[in-house]
Structure formats: structure tokens, C-alpha cells
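# give me a 3D structure for the following:
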Amino acid sequence: MPLDRDLRSQLRSSIADIKHVGTRDGGTITAAAFLKNFVNGSSWAHLDIAGTSYLDKADGYRPQGGTGVGVAVSIGIVDVQTRAYLGGSGSLDANTIDVEATLDADNSYTVEAKSGVGDSAKTGVAGSLGASAEVEYRHGYPPTVNSEKEAEFAARVGERIFGPTNVIRDADPTMGGEDFSYMLLERPGAYVWLGQGGGPLGCSLHNANYDFNDAVIPLGAGYLAALVEDALPLT
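This is a model prediction of the structure:
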């Protein structure tokens, strides 16, 4: 469909650079016009599946409820593109596709519980497409969960060194993997973050523009020394 200029005007905003939705008129075109702002010259296509994504009753290969039609189309695109990349070498099994995903959790119980998503993949997504699925779950890094006593001790020493208002006891969990998690499986302990301000660009660790704030070195060293002094007093 053409990216009609009149319909593109529906995305203009008096507040933001652009709106993500227009009116009901020409929704397929305005959705594509929105995406066009982010493709940076790459080849692209907008697949409008709203009308076929849900059915009140089964119709042919499409089941009642969520049809998964977007999944089927995406798999088909990957299949065609992969064949083109391989140059028709025949090394791609037309009836098989491998999908990899990462499962994150904030405690070991949740990891075990979420391992059951394989059953949903077999009976849900794959079944709705008339296919079958085999799921292999590989355990990676376990969740990093501090032991309660050691976490309280680390927070109490931190409040003495940095002040009570500068210690966050209930930080939101993050989904990054951490080597220290293996040590916590064997011994009680606490994993502590030392804030360092983020630098002038506000970049955190693992960013190309990250610049360590040297001013926190004495604070960190003093905190580690205080932990030892409180845990192993001389008298």
C-alpha cells in the first residue's frame, strides 16, 4: 500500500516528535508510516495481522482464539531468507526450524517453574500451527540471591559509612548473569553494588562510553575495610 502523505500527517504530535498511532482511517498505512521513521534506509515491510490474529471460532488451520498467524508468517520469512542465504545448498531442512531464547528468573524456584514453558510451546504455539515441538532447556547462571543475614550486615555497615539515605535495601532485581551466584550456592553471602554516579554521559557498565568514576575508589576501599573490621573485630 502507498504511504499516503495525508494519512502520514495523522502521526504528527504537538508534544512528541511523532505519535505511534493515528485514527482508525488507514490504520495499516499509518502503522507502516510510523515504522518507516526507524528503518534507516534498510529494506523493510510492515505486516498488518490485526484482522487475522484472533478468531471467535476455528477456521481451517487457524484455531479459535489467538491464531499465532504472526508467528507462522515470521517463520516463513526466516525460511525463505535462509534458503536465499544458503544459495539452495539443500542444507536447510524445510520441515524444521530451530528457535533459541533466554529464560530469566529472580530465584531458583522460579527457574524450575518456568522450565515448564516447554510444555506450553509444544501444546500451544506449535500445536496451533499444526506442528510439533521439542524443547531442550539448558541451565546457565543461577539467580544471584543474597542470604538474609549477610545482606543485613552489608547494609548496616554501608549505612555507617555512607549514611542511611545512601543505602538502598530493596533495589529492583535485574536479569543479568553474575559469577558470584555460584559462590552463593555454596556459602552464605551478599552481592553489593557500589554506585558511582554514571559519569557525565550517564553510561553504565558494558557501554562503550562508560568511564569509571575514580572518586569512588576510596569510598569502596573504606567500605571493604569496614566490612572486615565489623566482621572480625580485634577485641
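
# pLDDT at Asp93, what is it?
On the pLDDT scale, Asp93 is placed at 58.

# for Thr52, which non-adjacent residue is spatially closest?
Distances taken as Cβ to Cβ, 6 or more residues apart in numbering put Val69 closest to Thr52, at 4.8 Å, once the chain neighbours are dropped. All C-beta spots, glycine's among them, are computed from the backbone N, C-alpha and C.

# residue contacts, the one you found?
The neighbours of Val69, taking Cβ atoms under 8 Å, 6 or more residues apart in numbering as the test, are Ile49, Thr52, Ser53, Arg62.

# my guess is the first one contacts Val73. True?
Yes. In this structure, Ile49 sits in contact with Val73. The criterion is Cβ atoms under 8 Å, and the distance is 7.0 Å.

# report the separation between the residue nearest to Thr52 and Pro63.
10 Å (Cβ to Cβ, to the nearest Å).

# same check, this time on Gly222
In this view, Gly222 and Pro63 are 62 Å apart by Cβ to Cβ.

# between those two, which is the more surrounded one?
Pro63 (17 against 12; other Cβ atoms under 10 Å).

# and the gap between the more buried one and Phe153?
From Pro63 to Phe153 the distance is 54 Å (Cβ to Cβ).

# start to end distance for stretch 205-219?
18 Å (Cα to Cα, to the nearest Å).

# list the contacts of Val192.
For Val192, the contact set (Cβ under 8 Å, 6+ apart) comprises Ala154, Gly158.

# and it, which helix or strand is it part of?
For Val192, there is no host helix or strand (DSSP states H and E).

# one more: Glu159?
Secondary structure from DSSP H and E places Glu159 in helix 148-162.

# which stretches of the chain aren't confidently modelled?
Across the chain, the ranges flagged by pLDDT under 70 are 1, 24, 83-95, 97-125, 128-129, 198-204, 207.

# show me how it divides into domains.
With domains defined by automatic domain parsing, the chain comprises 5-101, 102-140, 148-231.

# what about the helices in the protein?
For the chain, applying DSSP state H gives helices covering 5-8, 27-36, 69-86, 108-114, 117-120, 126-128, 148-162, 180-186, 217-231.

# between these, which one is nearest to Tyr141?
Nearest of those to Tyr141, taken as Cβ to Cβ: helix 180-186 at 5.7 Å.

# what's next to that closest one, contact-wise?
Under Cβ under 8 Å, 6+ apart, the answer for helix 180-186 is Tyr141, Pro142, Pro143, Thr144, Val145, Asn146, Ser147, Gly189, Tyr191.

# which of these are buried, as a ChimeraX select command?
Per 16 or more other Cβ atoms under 10 Å, the buried members of those correspond to this ChimeraX selection:
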select :142,143,144,145,146,189,191
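
# out of the contacts of helix 180-186, what pair is the most spread apart?
Maximum pairwise distance among the contacts of helix 180-186 (Cβ to Cβ): 17.7 Å, between Tyr141 and Ser147.

# residues in contact with the closest residue to Asn37 other than its chain neighbours?
Distance criterion Cβ to Cβ, 6+ apart; nearest residue to Asn37, sequence neighbours excluded, is Ile18 at 6.1 Å. With contact set as Cβ under 8 Å, 6+ apart, Ile18 has these partners: Leu11, Arg12, Phe34, Asn37.

# and the last one, how many neighbours?
For Asn37, the count of nearby residues is 12 (other Cβ under 10 Å).

# nearest the geometric middle of the protein, what residue?
Met175 (7.8 Å; Cα atoms, centre = their mean).

# I'm done for today, thanks for sticking with me.
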